[in-house]
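In: what's the 3D shape of this:
(2 chains)
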There are 2 protein chains.
Amino acid sequence: MVLINGLPDDKIAISDRGLQYGDGLFETMVYRDGTIEFIDAHFARLIDGCRRLNIEFAEAEKLSSELSIVCQSLTDNDAIIKVIITRGRGGRGYLATSGVEPTRIISTYPLPTYPDHYSQTGIKVRLCTHTLSENVALAGIKHLNRLDQVIARSEWHDSDIAEGIMLDCAGNVIEGTMSNVFIVKAGKLFTPMLDKSGVAGVMRAQIISLAAELNISVFETNVHLEDFMAADEIFITNSVIGLWPVYEIDNTVYVVGPVTQNLQDVLQQAKK
Amino acid sequence: MVLINGLPDDKIAISDRGLQYGDGLFETMVYRDGTIEFIDAHFARLIDGCRRLNIEFAEAEKLSSELSIVCQSLTDNDAIIKVIITRGRGGRGYLATSGVEPTRIISTYPLPTYPDHYSQTGIKVRLCTHTLSENVALAGIKHLNRLDQVIARSEWHDSDIAEGIMLDCAGNVIEGTMSNVFIVKAGKLFTPMLDKSGVAGVMRAQIISLAAELNISVFETNVHLEDFMAADEIFITNSVIGLWPVYEIDNTVYVVGPVTQNLQDVLQQAKK
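Out: This next block holds a predicted model:
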């Protein structure tokens, strides 16, 4: 089922600014066992993103009840639910018509299944050649301008490689094409600062919070590629996959260490 | 009339990657007196943009005949014709399905009318606060990731201000929100290098070419804000407006000088 502004439809007007300019943002959520996981965090990020992009989204309650309708229509026990909010329809030109109504799009997809060993022994990743665009005003937002990720993800077709790591033009590791990254060094947890580029993932925030509860020191900082590669443990996170350890990056091998395992166990409990 | 892949329609599938990721590009062209102005240059840029984004667009002939159909349907003597090419429809995820067919969207809009003095005595512009994102791989392409322009254009609502000038984060002037910029200093013409950000406009290329024919020295170079503001003459260009002199930027006043007037006259002849 796809709902657009509350009505079943799977097409939008070409005048929608989501198509014309990528003028909007999205959330990708997991529905499992009757609930949408981390729904409050997804809503909070959506609303914060709208605020930062100055999209006047005041329909959170409508969106919430539309999500209930969509969830009730699902025949599987689990699914991906994607919400897109665009600034709405507009004429030609970058200036939005005043009073334009944002567009709400809710669509569902089957929850992908991944090999068990991805979460157990870890995944193989690669370093992407394409670097992330930098912009303080857009950093952190899960907006619809995603050509960087599209280009980076097009760099490999080897199905053994589960993710690509993206750098900024200064050689700092920022994130994966579809995930955030964490490293462990001497028992401490580090994740890249997302003040110039990158998407501030809901699962990233969850991991930072869980680490604090476990008294693991966690730092948001610049992580240069050299420091990244010299990590004791590496893992990636997103709302769909949860946490996957990394066991290999371009022929350098890592272990699934104690901090990674600890966080993975606690995350599993938190989701129950 | 709107044509999508050759058929009259004004809606696209929400699964189109143009909406999902801004995964595509566009051209904005002027139809006047029976022809599309600079059609060859627009096609060349479109095809080059597809090549750089690795969009397998092989339907230039179809697009060309669809443009003829759309032009024949016009009742006015002039119009804006906008072409959007997206990578096509796809599932969820940044990796495009192999063999995906690009989407062609042709739409028309009334040609806007501007006050006569814009092209004669010039326009008032402002400096935008929002800076352009930088990425070598995307620089120059008229792609659908346009949040930078949307944010910059939202900075003012004063209808006396016709354009906003955008800088990169190093303080170099790059372009206007919807135009390219040129300055004249000691009889020589300078326009910003677009190797890290900006859109390489069809009219910009036209002006560079006309300047060469007129034996005006023209340089694509870094133009720092200080050099920009210290120019003898400033003008902006795009395919719709042609060339507009700038007479005021944030209270600094400029004259419509001889190089600007010369280029404007020759451009007017070239369009005939």
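In: what about stretch A:96-106, average pLDDT?
Out: Mean pLDDT, computed over stretch A:96-106, is 94.
In: and for stretch A:114-130?
Out: 96.
In: repeat for stretch A:212-220
Out: Averaging pLDDT along stretch A:212-220 yields 96.
In: how far does that stretch sit from the chain's center?
Out: Centroid separation for stretch A:212-220 versus its chain: 21 Å, with CA atoms, centre = their mean, to the nearest Å.
In: and what of stretch A:185-200?
Out: 14 Å.
In: and that stretch, how far apart are its ends?
Out: Chord length of stretch A:185-200, first to last residue, is 22 Å (CA to CA, to the nearest Å).
In: how about stretch A:88-103?
Out: Span of stretch A:88-103 from end to end, CA to CA: 5 Å.
In: neighbouring contacts of that stretch?
Out: With CB atoms under 8 Å, 6 or more residues apart in numbering or on different chains as the contact definition, stretch A:88-103 has outside contacts at A:4-5, A:12-13, A:15-18, A:20-21, A:23-24, A:50, A:55-57, A:59, A:84-87, B:28, B:80, B:82, B:109, B:146, B:149-150, B:152-154, B:177-178. C-betas here are computed from N, CA, C, even on glycine.
In: of the residues you listed, which belong to helices?
Out: A:17-18, A:20-21, A:50, B:149-150, B:152-153 (DSSP state H).
In: buried among those residues? Need that as a selection in PyMOL.
Out: Here is the PyMOL command that selects the buried residues among those (16 or more other CB atoms under 10 Å in any protein chain shown):
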select buried, (chain A and resi 17+18+20+21+50) or (chain B and resi 149+150+152+153)
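In: rewinding a little: buried subset of the contacts of stretch A:88-103 as a ChimeraX selection?
Out: Filtering the contacts of stretch A:88-103 down to the buried ones (16+ other CB under 10 Å) takes a single ChimeraX command:
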select /A:4,5,12,13,15,16,17,18,20,21,23,24,50,55,57,59,84,85,86,87 /B:28,80,82,146,149,150,152,153,154,177,178
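In: residue A:164 reaches residue A:177, doesn't it?
Out: Yes. Between residue A:164 and residue A:177 there is a contact at 4.9 Å, judged by CB atoms under 8 Å.
In: what's the overlap in contacts for these two?
Out: Common contacts of residue A:164 and residue A:177 (CB under 8 Å, 6+ apart): A:128, A:152-153.
In: residues of the stretch 101-250 of chain A that sit close to chain B?
Out: Those residues of the stretch 101-250 of chain A that sit near chain B, judged by CB under 8 Å from any CB of the partner chain, are A:105, A:107, A:109, A:130-138, A:143-154, A:169, A:177-178.
In: all the helices of chain A, in order from the start?
Out: Using DSSP H, the helices found in chain A span residues A:17-21, A:39-53, A:60-73, A:117-120, A:147-153, A:202-213, A:225-229, A:258-270.
In: which of these sits most buried?
Out: The highest average neighbour count among the helices of chain A, using mean count of other CB atoms under 10 Å in any protein chain shown, belongs to helix A:17-21 at a mean of 28.
In: show me what that one is packed against.
Out: Contact analysis of helix A:17-21 by 3 or more CB pairs under 8 Å, 6 or more residues apart in numbering or on different chains; DSSP states H and E lists strand A:78-86, helix B:17-21, strand B:78-86, helix B:147-153 as its packing neighbours.
In: let me know which of the ones you listed is the nearest to residue B:271.
Out: Nearest to residue B:271 among those is strand B:78-86; the distance by CB to CB comes to 11.9 Å.
In: and that closest one, average pLDDT?
Out: For strand B:78-86, mean pLDDT rounds to 97.
In: that one near chain A at all?
Out: Yes. Legend: contact between strand B:78-86 and chain A by CB under 8 Å from any CB is shown at B:80, B:82, B:84, B:86.
In: so where's chain A shaky on pLDDT?
Out: Filtered on pLDDT under 70, chain A yields the residue ranges A:272.
In: residue in it nearest to chain B?
Out: Closest approach between chain A and chain B, counting by CB to the nearest CB: residue A:22, at 3.1 Å.
In: once you drop chain neighbours, what's closest to that residue?
Out: Distances taken as CB to CB, 6 or more residues apart in numbering or on different chains put residue B:22 closest to residue A:22, at 3.1 Å, once the chain neighbours are dropped.
In: about what we covered before: any idea which of the ones in helices among the contacts of stretch A:88-103 is closest to residue B:46?
Out: residue A:20 (16.2 Å).
In: show the contacting residues for that closest one.
Out: A:14, A:90, B:84, B:144, B:146.
In: pick the one among the residues you listed closest to residue B:237.
Out: The closest of those to residue B:237 turns out to be residue B:146 (CB to CB; 18.5 Å).
In: I figured that closest one hits residue B:22, correct?
Out: Yes. At 7.4 Å, residue B:146 and residue B:22 qualify as touching, with contact defined as CB under 8 Å.
In: who touches both of those two?
Out: Residues touching both residue B:146 and residue B:22 (CB under 8 Å, 6+ apart) are A:21-22, A:145.
In: make JSON lines from these and add distance to residue B:121 to it.
Out: Output for the shared contacts of residue B:146 and residue B:22, formatted as JSON lines (distance: CB to CB, whole Å):
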{"residue": "A:21", "distance to residue B:121": "31"}
{"residue": "A:22", "distance to residue B:121": "36"}
{"residue": "A:145", "distance to residue B:121": "37"}
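In: and the contacts of stretch A:192-207?
Out: Stretch A:192-207 has contacts (CB under 8 Å, 6+ apart) with A:27, A:38, A:41-42, A:45, A:132-136, A:139-142, A:168, A:172-175, A:179-182, A:191, A:220-223, A:237-239, A:242-243, A:263, A:267, A:270.
In: got the contact list for the residue nearest to residue A:137 when sequence neighbours are not counted?
Out: Closest residue to residue A:137 in three dimensions, ignoring its sequence neighbours and counting by CB to CB, 6+ apart: residue B:130, at 5.8 Å. By CB under 8 Å, 6+ apart, residue B:130 lies in contact with A:137, B:148, B:151-152, B:155, B:166.
In: could you dump the shared contacts of residue A:164 and residue A:177 to TSV with distance to residue B:120?
Out: Formatted as TSV, these follow (distance: CB to CB, whole Å):
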residue	distance to residue B:120
A:128	50
A:152	47
A:153	50
